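In: I need the structure of the sequence given here:
(one chain, ligands or ions: 1)
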Amino acid sequence: MSNLFTDRLWKRVEPIWQSYLEHPFVKGLGEGSLDQEKFKHWLKQDYVYLIEYSRLFALGSAKAHDLKTMRTFAKLLHGTLDMEMDLHRQYASKFGITAEELEVTEAGATTTAYTSYMLNVSQRGGIENVVASVLTCAWSYNFIGKELATWSGALGHEFYGHWVKMYASDEFTELAEDCKNLMNEIASGKPERDLEELEEIVVKTSLFEYMFWDMAENKEEWPIQLSADAT
Ligand SMILES: Cc1ncc(C[n+]2csc(CCO)c2C)c(N)n1
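Out: Here you go, the predicted structure:
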């Protein structure tokens with residue numbers, strides 16, 4: 001019988017992740033009916049999210065106890081900066097937005113809260129906290145991509161098909177598997193109270209993921225607009 005920590009985590013997060021598939025933004029992506037302005041909002045916020053997120057992979061390499069783990073984090077860092085963010089740059093160009101414009105997007109409230117939470121728990125803990133922080137992101141997008149790929153017309157959709165294809169791809173499945181394997185290796189032999197702490201990080205990041213879909217669906221803005229160049 002398998003006794004993997006990720007199986008235990010799955011039992012906790014499955015109801016949360018199932019709710020993503022019913023979220024109007026994710027449903028719109030899979031059904032192809034998503035308003036492009038909402039997608040553009042996601043794209044810009046996700047780009048700056050991924051910049052902060054990449055720091056976690058660098059931190060993972062720095063905190064690793066062995067070369068194999070350092071290498072896995074280096075691969076994840078490269079995968080994010082040069083594969084995943086490339087998808088964003090390609091979509092942005094369809095909207096006439098340059099990579100430089102994407103990069104200077106001001107992070108919104110949810111993006112700031114989510115990335116700050118992950119960076120905080122990762123900085124104050126050991127490598128196990130970094131792995132728990134990054135796990136949901138890589139694994140849940142692959143879960144969503146693979147689910148949406150089974151929806152009729154999702155893969156072939158002229159605009160969103162590329163998104164679904166990428167997150168369902170073998171390359172992204174491998175990145176998610178790398179994160180799951182790291183989590184299982186690191187959790188093995190840890191006392192129950194440590195496992196509970198790691199579980200809490202994975203549940204919290206799963207809730208933040210839901211908030212991130214909501215943020216995009218509602219095109220969230222800060223409550224008060226401060227214009228830097230107002231005179
Ligand atoms: C809010 C948000 N959560 C998760 C991902 C997906 N993601 C983040 S890192 C990674 C692994 C390799 O790049 C994947 C799949 C995203 N884009 N945005």
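In: correct me, but residue 186 touches residue 129?
Out: No. The criterion here is C-beta atoms under 8 Å, and residue 186 misses it with residue 129 at 9.7 Å. Heads up, the C-betas are built off the backbone N, CA and C, glycines and all.
In: which residue ranges form the strands in the protein?
Out: Counting by DSSP state E, no segments of the chain form strands.
In: could you pick out the residues of it near the ligand for me?
Out: With the criterion set to C-beta under 6 Å from any ligand atom, the chain comes near the ligand through 46, 49-50, 53, 76, 79-80, 84, 137-138, 141, 172, 175, 209, 212.
In: point out where this structure drops to low pLDDT.
Out: Within the chain, the ranges that satisfy pLDDT under 70 run 1, 227-231.
In: select the longest helix from it.
Out: Using DSSP state H to define each element, the chain has its longest helix at helix 36-63.
In: who are the packing partners of that helix?
Out: Identification of packing neighbours for helix 36-63 by 3 or more C-beta pairs under 8 Å, 6 or more residues apart in numbering; DSSP states H and E yields helix 24-31, helix 67-79, helix 85-94, helix 99-103, helix 109-124, helix 127-148, helix 192-217.
In: and the contacts of the third one?
Out: In this case it means helix 85-94. Under the contact criterion C-beta atoms under 8 Å, 6 or more residues apart in numbering, helix 85-94 has outside partners 39, 43-44, 46-47, 50, 98-99, 101-102, 159, 162-163, 166.
In: contacting residues around stretch 28-36?
Out: With contacts defined as C-beta under 8 Å, 6+ apart, stretch 28-36 is touched by 21, 25, 38-39, 95, 147-148, 151, 153-154, 157, 159-160, 163-164.
In: from residue 192, how far off is the most centrally placed residue in the chain?
Out: Of all residues in the chain, the one closest to the mean position by C-alpha atoms, centre = their mean is residue 137, 3.1 Å from it. Distance from residue 137 to residue 192, counting by C-beta to C-beta, to the nearest Å: 25 Å.
In: also residue 198?
Out: Taking C-beta to C-beta, one finds residue 198 at 11 Å from residue 192.
In: more neighbours: these two, which one.
Out: Set residue 198 next to residue 192 and count neighbours by other C-beta atoms under 10 Å: residue 198 wins out with 23 against 7.
In: residue 136 and residue 200 touch, don't they?
Out: No. In this structure, residue 136 is not within contact of residue 200 by C-beta under 8 Å, at 11.9 Å.
In: same drill for these two, tell me which one is more crowded.
Out: Legend: neighbour count by other C-beta under 10 Å for residue 136 and residue 200, higher for residue 136 (25 against 13).
In: run a quick neighbour tally on the closest residue to the more buried one other than its chain neighbours.
Out: Distances taken as C-beta to C-beta, 6 or more residues apart in numbering put residue 205 closest to residue 136, at 3.9 Å, once the chain neighbours are dropped. By other C-beta under 10 Å, the residues close to residue 205 number 23.
In: with residue 158 instead?
Out: Neighbours of residue 158 under the rule other C-beta under 10 Å: 7.
In: list the contacts of residue 44.
Out: By C-beta under 8 Å, 6+ apart, the contact list for residue 44 reads 92, 97, 102, 105.
In: who wins on neighbours among these?
Out: Neighbour-wise, the contacts of residue 44 (other C-beta under 10 Å) top out at residue 102, 22 neighbours.
In: OK, contacts around that one?
Out: Residues near residue 102 by C-beta under 8 Å, 6+ apart: 43-44, 47-48, 88-89, 92.
In: now those: which count as buried?
Out: With burial judged by 16 or more other C-beta atoms under 10 Å, the buried subset of the contacts of residue 102 is 43-44, 47-48, 88, 92.
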